[in-house]
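In: give me coordinates for this.
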Amino acid sequence: KLLKELSDKAPGTFHHSLNVANLAEAAANEINANSMLARVGALYHDIGKMQNPTYFTENQTTSVNSHDELEPKESAQIIIEHVINGIETAKKRNLPDRVIDFIRTHHGTTTVYYFLQKA
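Out: Next up is the predicted model:
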């Protein structure tokens, strides 16, 4: 149900997640890692984007970019928050901790470079 909701609310993100899942599964197979876990983690890694889907380019269907009206700091916060929103959604939907770890770590600890440069 959660992936169907992602598909409905953020179709571009859903398509992106399918592509990432295919890549993650293939990479895991090559190194004899747990390919099913890699695939499932990749499918759910961006569920937090359902909160504000139009702030992510894969869901923008017109030339309007929601970030154009925001300060760079606000835009960066929205990008960062999709991870937090994803963790909260995953916990509410009782996803396993091993899957939640994919959501928590998929952006690492780097800055949101594009908006840092824009600022």
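In: and the residue in the chain sticking out farthest from the centre, what are its phi and psi?
Out: Relative to the mean C-alpha coordinate of the chain, counting by CA atoms, centre = their mean, the farthest residue is residue 32 (25.0 Å). With angles defined as degrees, to the nearest 10, residue 32 sits at phi 60, psi 40.
In: equivalent analysis for residue 110, please.
Out: phi -80, psi 170.
In: residues contacting residue 46?
Out: Applying CB atoms under 8 Å, 6 or more residues apart in numbering, one finds that residue 46 lies in contact with 6, 10, 13, 16-17, 82, 86, 103, 106. The way it works is simple: take the backbone N, C-alpha and C, and place the C-beta from them, glycine included.
In: redo that, cut-off 6 Å
Out: Residue 46 is in contact with 13, 17, counting by CB atoms under 6 Å, 6 or more residues apart in numbering.
In: flag every buried residue along the helix or strand hosting residue 29.
Out: Here residue 29 sits within helix 11-30, counting by DSSP states H and E. Residues of helix 11-30 classed as buried: 12-14, 16-17, 20-21, 24-25, 28 (neighbour count, 16 or more other CB atoms under 10 Å).
In: other SSEs contacting that helix?
Out: Counting contacts by 3 or more CB pairs under 6 Å, 6 or more residues apart in numbering; DSSP states H and E, helix 11-30 packs against helix 35-44.
In: what lies in contact with the helix it packs on?
Out: So helix 35-44 is contacted by 17, 20-21, 24-25, 28-29, 99, 102 (CB under 6 Å, 6+ apart).
In: pull out the buried positions in whichever helix or strand residue 73 is part of.
Out: Under the criterion of DSSP H and E, residue 73 resides in helix 72-92. Residues 75-76, 78-79, 81-83, 85-90 are the ones in helix 72-92 that count as buried (16+ other CB under 10 Å).
In: what is the nearest of those to residue 113?
Out: Closest approach to residue 113 among the buried residues of helix 72-92 (CB to CB): residue 76, at 9.4 Å.
In: now the helix holding residue 73: mean pLDDT?
Out: For helix 72-92, the mean pLDDT works out to 96.
In: got the angle between that helix and helix 35-44?
Out: 130 degrees (axes from the mean of the first three to the mean of the last three CA atoms, to 10 degrees).
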